[in-house]
Structures are given as C-alpha cells and as structure tokens.
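# From the sequence below, what's the structure:
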Amino acid sequence: MRHFLSRTLAALAATVVVSLVLPVAPASAHGQLATSTPLTGTVVREPLTQLGLYFTEKPASNAHFTVTGPDGSRVDNGWSFGEPKRLDKPVQEYFMVNGVFEPRLYHTGFPAMVTVAHWPAKGRYTASYLSVASDGEAVRGNVTFDYQGPSTPAPAGWVVPTAGPDATLLAQAEGEGSASPGATGGPADATGAPASDPAGATEERRDGGFPPWLVPALIVVVVSAIVLVAARRRPAARGGATATRRPVSRAGKTANAGKAANTARKPGNRAGGRARGGRR
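Residues are numbered from 1 along each chain as shown. From the prediction side, this is the model:
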C-alpha cells in the first residue's frame, strides 16, 4: 500500500507540474489590446484631447468605444484610426497550426484614438472597447486611470452620447455572425505587416470544444481523490484487523487458563482421595 501511495503521489506531482507548464487557454487571443495612452492604473494630471488604445491588429471599422467619468456619465466624442507605432514590448499571441499551438510575436500596435469631449471632475475614468478580431473572436475590455487634472467645460453643442454597439458588431462578438477580414484587417506578422494565417492553420473558438487546460485539471482532481480515499481507508483497515484479533486472543487465553486450572485440580483431588483411603 505504501508503494501505491508513493507512486500515486509522484504521478500527482508530475501532473501538477505539467499543468502549470502548459499555457492557459492560449487560443483565440488575437487582436488583443497591446498598450494604451494613458496606461491602465496610472494618474493623468493634464486634460487629454484623445486616448490611444493600441491593438495587435487594426480594430474593426464598427468597433465601439466609450469613456466614462467618475459619476458614470460618458465623455467620449467619437473615435478614429491612428498611425501604427512600434511597441516597446512585443505581444505574444497563439495560433493553432496542424493541431499545435504556435506563438507569434507582434511588434506593432494599431491604434484607435478616442476623443474626450471634456473632463468634468477629478477621479477614476474608464475607457471601454468592443471590437472583433480577424478570426471572428470578440475583443473587449477596458482601461481605467485616475484623473487629477483641472476640470474642463463641455464644448458648445456637445451632447452626451447614448448610442451602444450596432447590431452587426454585437452579432459578431456573440458568435452569431462572421467577421469580415476587410473590416478588421488581416493579422499582423512579427514585423507588424498584414499576413495570412499559416497554411493548414485552424483557429479554436472560445465557445467550442474543450480548453487545453481542462484535461490536466481533471487528471489532478481524479488522482487527488484516489489518494485521499486510499489514505482514509488504510488506517480503518488496520484498526478493524486489530479489533478482530484482540477478542479472539483474549478468549483463547481465558479458555487455556481454565483448562490448565481444571487439569491442576484433578490430580490434587485424586491424591487427596487416595490419602484419605489409605488412612482408612
């Protein structure tokens, strides 16, 4: 049993190591946000006219961007494409080629420049985005930062925007439609130039199939359960065997002691009887 537990624990440790080494859901990470101006979590002390959100590929033409102030009201005033720029730190994305995930580095950021109408107050601001990558996957998220600059008035005639994403974008983001490569631009290669996927490459969708980390996780759970059950049953088996042997041992000793006493008494009585008979 000890050898079984040792082997089981060794297998469990190896499985945990493998599951940690494997990438966690690397697929479908295309067109992600690479960087932003300002960066999330930073403090802005001057009123900016635009925020820059840089993606690993050109955002969809119908992408949706909003900027909300501390009170939750929107202060955005439209967006436009900007000039691509070299990223200070390349971004790694994964593509499945012939059943194997292969990493690809992106060195160029493609911006969406979001106009800020005004800065009504100090506090936390959030820039949110929704787009669709060239592989049809939704690209969504937000950038939050703290504004500590002076307040600025709203421009004349400006109206707080209330429009949300259009129906086509929502359908594409929810997987109900297919993204048009012309609307999003092809994926960029390592130099940032548009390139097609490698020959034979297939993309794994987030909403289909099993994620790559699920199998190792299930193995860890099953092996852990086996170890726990075996560890709990082993002491109980030992205790049951001991409890079974002890009553039998005590009963045997009592019976043997009784037999020995009877045997000892019988010769004594006979000797006594003979002595009394002799005296007579």
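
# need the longest strand for the protein.
Longest strand in the chain, counting residues (DSSP state E): strand 100-116.

# Within its sheet, name the partner strands of that one and how each one runs.
Sheet partners assigned to strand 100-116 using DSSP bridges are listed as strand 50-55 (antiparallel), strand 76-81 (antiparallel), strand 85-97 (antiparallel).

# For stretch 115-133, the averaged confidence score.
Averaging the model's pLDDT scores along stretch 115-133 yields 96.

# Where does pLDDT dip in the stretch 51-200 of the chain?
176-200 (pLDDT under 70).

# Residue 32 touches residue 59, doesn't it?
No: taking contacts as C-beta atoms under 8 Å, residue 32 lies outside contact range of residue 59: 11.2 Å. All C-beta atoms are positioned from the backbone trio N, CA, C, and that covers glycine.

# out of these two, which sits in the busier spot?
Counted by other C-beta atoms under 10 Å, residue 32 and residue 59 do not tie: residue 59 has more neighbours, with 27 against 18.

# from memory the more buried one sits against residue 133, does it?
No: the criterion here is C-beta under 8 Å, and residue 59 misses it with residue 133 at 9.1 Å.

# Span of stretch 35-51 from start to end?
The first and final residues of stretch 35-51 sit 11 Å from each other (C-alpha to C-alpha, to the nearest Å).

# Same question for stretch 45-64.
With C-alpha to C-alpha as the measure, stretch 45-64 spans 26 Å from end to end.

# List the buried residues in that stretch.
48, 51-60, 62-64 (16 or more other C-beta atoms under 10 Å).

# next one: stretch 136-143
136-140, 142-143.

# Same question for stretch 102-121.
Across stretch 102-121, burial judged by 16+ other C-beta under 10 Å covers 104, 106-117, 119-120.

# Out of the residues you listed, flag the one nearest to residue 162.
Comparing those against residue 162 with C-beta to C-beta places residue 117 closest, at 13.5 Å.

# distance of the closest one from residue 153?
10 Å (C-beta to C-beta, to the nearest Å).

# Repeat that for residue 172.
In this view, residue 172 and residue 153 are 37 Å apart by C-beta to C-beta.
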